[in-house]
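1. make a model of this:
(chains A, B, C and D)
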Number of protein chains: 2
Amino acid sequence: MLVLTALLDRSYRFSELRREIGGVSEKMLAQTLQTLERDGFVHRNARPVIPPHVDYTVTDMGREAGERMRAMIQWVDDRMSAVVDARAAYDRVRAERDAATEAPPVARTR
Amino acid sequence: MLVLTALLDRSYRFSELRREIGGVSEKMLAQTLQTLERDGFVHRNARPVIPPHVDYTVTDMGREAGERMRAMIQWVDDRMSAVVDARAAYDRVRAERDAATEAPPVARTR
DNA sequence: CGGTATCCAAACCGATACTG
DNA sequence: CAGTATCGGTTTGGATACCG
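-> Model prediction:
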């Protein structure tokens, strides 16, 4: 998801990518990159130097996927507030209904 | 995902939707529908008759999301074979490398 | 019919320690 | 630097039983 969108702009090294994305553990990033590589979305270029230098780029298919991801993220982002509102409305109604069943309206405080 | 795309065509009742999608447990469908309703993607219309009759439709936002989902599913579907191929190639290479490390090529059977 | 409640095994994932 | 290996807590989701 975020790996593919990040790699749209330029290639990244492992730790660099980890910092860029943020909140992703080493393990998850390694796992994700392996899957993406295996499935043909990402290309892994390992230069056998010391210290190791590995950078990741998107393949053509990966670029296509990343662009779609980016568009989808944008769409979701644009609708976030609508979702938050819908959620609040839904929760408010449900809270009112629960209050009515648990404590019948006999008298209100003040 | 599949709930939204199914509901693009017409409204569905609970069990009907379950059959349509296939491989989804009651629990998961109920959970999914509640989330979608809460977030404003789906509208739930419960007619208080016996036996109960509840049908689900998409909201405007849900329709938009469903259309995007459908497009994405189509895209993924179109690339499935490419992914399968990439995966096979990757696994083949890895298997060869593993074989080389575990059993050095001294002699081959026949 | 359209769910909810409960139990439980499997999968997920972060933290930590270690390696080439 | 770029990972792998392992442990353990959390989450997920199916199966089953029950309810209005």
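2. if you look at the longest helix along chain A, does any of it touch chain B?
-> Counting residues, the longest helix found in chain A (DSSP state H) is helix A:60-102. Yes - Helix A:60-102 comes into contact with chain B (Cβ under 8 Å from any Cβ of the partner chain), by way of A:61, A:64, A:68, A:72, A:75, A:79, A:82-83, A:85-87, A:90-91. Glycine gets a C-beta too; all of them are placed from N, C-alpha and C.
3. which of those residues are buried, as a ChimeraX select command?
-> Only the buried entries of the residues of helix A:60-102 next to chain B go into this ChimeraX selection, using 16 or more other Cβ atoms under 10 Å in any protein chain shown:
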select /A:61,68,72,79,86
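4. now pLDDT too, for the residues of helix A:60-102 next to chain B, in TSV please.
-> Below are the residues of helix A:60-102 next to chain B laid out as TSV (pLDDT from 0 to 100):
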residue	pLDDT
A:Met61	98
A:Glu64	98
A:Arg68	97
A:Met72	96
A:Trp75	97
A:Arg79	97
A:Ala82	97
A:Val83	97
A:Asp85	97
A:Ala86	97
A:Arg87	96
A:Tyr90	95
A:Asp91	93
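5. so where is chain A shaky, pLDDT-wise?
-> A:98, A:100-110 (pLDDT under 70).
6. which neighbouring elements make contact with the longest helix of chain A?
-> Applying 3 or more Cβ pairs under 8 Å, 6 or more residues apart in numbering or on different chains; DSSP states H and E, one finds that helix A:60-102 makes contact with helix A:2-9, helix B:26-38, helix B:60-102.
7. closest one to DNA strand D among these?
-> DNA strand D sits nearest to helix B:26-38 of all these, at 4.0 Å, using Cβ to the nearest atom of the strand.
8. quick check: what element follows that closest one along the chain?
-> Using DSSP states H and E, the helix or strand that directly follows helix B:26-38 along the chain is strand B:42-47.
9. so is that following strand next to DNA strand D?
-> No - counting by Cβ under 7 Å from any atom of the strand, DNA strand D is not contacted by strand B:42-47; separation bottoms out at 10.4 Å.
10. who touches that strand?
-> B:3-4, B:7, B:11, B:33, B:36-37, B:52-59, B:62 (Cβ atoms under 8 Å, 6 or more residues apart in numbering or on different chains).
11. mind doing that once more with 10 Å?
-> Outside of strand B:42-47, the residues within contact range by Cβ atoms under 10 Å, 6 or more residues apart in numbering or on different chains are B:3-4, B:7, B:11, B:13-14, B:32-37, B:52-62, B:65-66.
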